[in-house]
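In: Dropping a prediction and its sequence here:
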Amino acid sequence: MSSREHAVVLLSGGLDSSTALAWAVREMGWKCHSVAFDYGQRHRIELKASENVANSLGIDDHRTIRVDLAAIGGSALTGNIDVPKDRHQGSAIPITYVPARNMIFLSMAVGMAETVGASKIVIGANVVDYSGYPDCRHEFLESFATTATLGTKMGAEGSAVKIVAPLLKLNKSEIIELGLRLRVDYSLTHSCYDPLPNGMPCGHCDSCLFRRDGFARLSKSDPLVYPD
């Protein structure tokens with residue numbers, strides 16, 4: 001095994017997770033193992049995007065793990081529920097929240113970390129420009145790290161599990177600015193919750209709106225093409 005520090009990186013193929021992976025690889029110099037989840041989401045475009053991003057960043061261990069969150073339901077991303085468009089951001093947790101998604105994904109990533117000898121889990125969670133998801137908060141990530149350390153072999157043997165969220169307090173334009181500095185190819189990424197049949201992003205869901213605004217604030221062109 002390489003003497004470099006190993007990290008498991010959650011990689012959805014979206015803007016945030018792709019930037020977090022680039023940060024781990026190019027800023028920190030870690031040996032990264034990326035993982036995407038086929039969880040019963042509305043489309044499979046993001047799974048291909050995650051493969052493309054991993055390849056572009058030289059990741060030689062990228063995995064896709066199937067977890068059927070559609071069987072749980074309760075989200076517009078996994079069920080026959082309309083994805084909100086052009087909505088006014090409020091305090092309520094939106095229907096695009098997937099119950100326990102990050103808790104489940106992080107648990108799988110910790111298991112993977114034990115098999116590859118990684119003590120760090122990198123996640124692109126963000127609490128500034130986000131849709132109100134409770135599993136993107138610092139308090140949750142800190143609590144999960146404690147639980148993971150208590151419930152794993154590596155934790156019992158004295159190696160604490162560390163959850164690293166480098167984008168947690170950055171707004172979307174700051175994330176994009178960081179990614180551009182790290183030479184992330186954003187044309188390979190996919191952010192839309194509800195893409196059109198041809199794969200083009202809808203341009204109006206929360207994720208598209210945050211992304212478009214982030215590029216606009218930097219006076220940069222988003223390499224993705226929108227219908228309007």
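Out: All right, it came through fine.

In: max-length helix in the protein?
Out: Counting by DSSP state H, the longest helix found in the chain is helix 101-116.

In: got the buried residues for that one?
Out: 101-102, 104-110, 112-114 (16 or more other C-beta atoms under 10 Å). Just so you know, the C-beta spots here come from the backbone N, C-alpha and C atoms, and that holds for glycine as well.

In: for those, which one is nearest Val128?
Out: Asn102 (16.8 Å; C-beta to C-beta).

In: And the contacts of stretch 163-176?
Out: Residues outside stretch 163-176 that contact it (C-beta atoms under 8 Å, 6 or more residues apart in numbering): 7, 15-16, 19-20, 23-24, 27, 106, 120-129, 138, 141-142, 144-145, 148, 178, 186, 210-211, 213-215, 217-218, 220.

In: rewinding a little: closest to Pro94 out of the buried residues of helix 101-116?
Out: Comparing the buried residues of helix 101-116 against Pro94 with C-beta to C-beta places Arg101 closest, at 13.2 Å.

In: So Glu114 sits against Gly151, correct?
Out: No: using C-beta atoms under 8 Å as the test, Glu114 is too far from Gly151 to be in contact (10.8 Å).

In: quick revisit: neighbouring strands for the next helix or strand after the longest helix of the chain, and are they parallel or not?
Out: Proceeding N to C from helix 101-116, the next assigned helix or strand is strand 120-122, under DSSP states H and E. Strand 120-122 has the following strand partners under DSSP bridges: strand 6-10 (parallel), strand 162-164 (parallel).

In: still on that earlier bit, quick one: contacts of the longest helix of the chain?
Out: 6, 8, 10, 33, 35, 37, 39, 61, 63, 65, 67, 69, 118-121, 123, 125, 133, 135-136, 140, 144, 148, 152-154, 161, 163.

In: list the buried ones in the longest strand anywhere in the chain?
Out: Secondary structure of the chain read by DSSP state E shows that its longest strand is strand 31-38. Neighbour counts over strand 31-38 (16+ other C-beta under 10 Å) mark 31-37 as buried.

In: Okay, angle between it and strand 6-10 too, please.
Out: With axes from the mean of the first three to the mean of the last three C-alpha atoms, to 10 degrees defining the directions, strand 31-38 sits at 20 degrees from strand 6-10.
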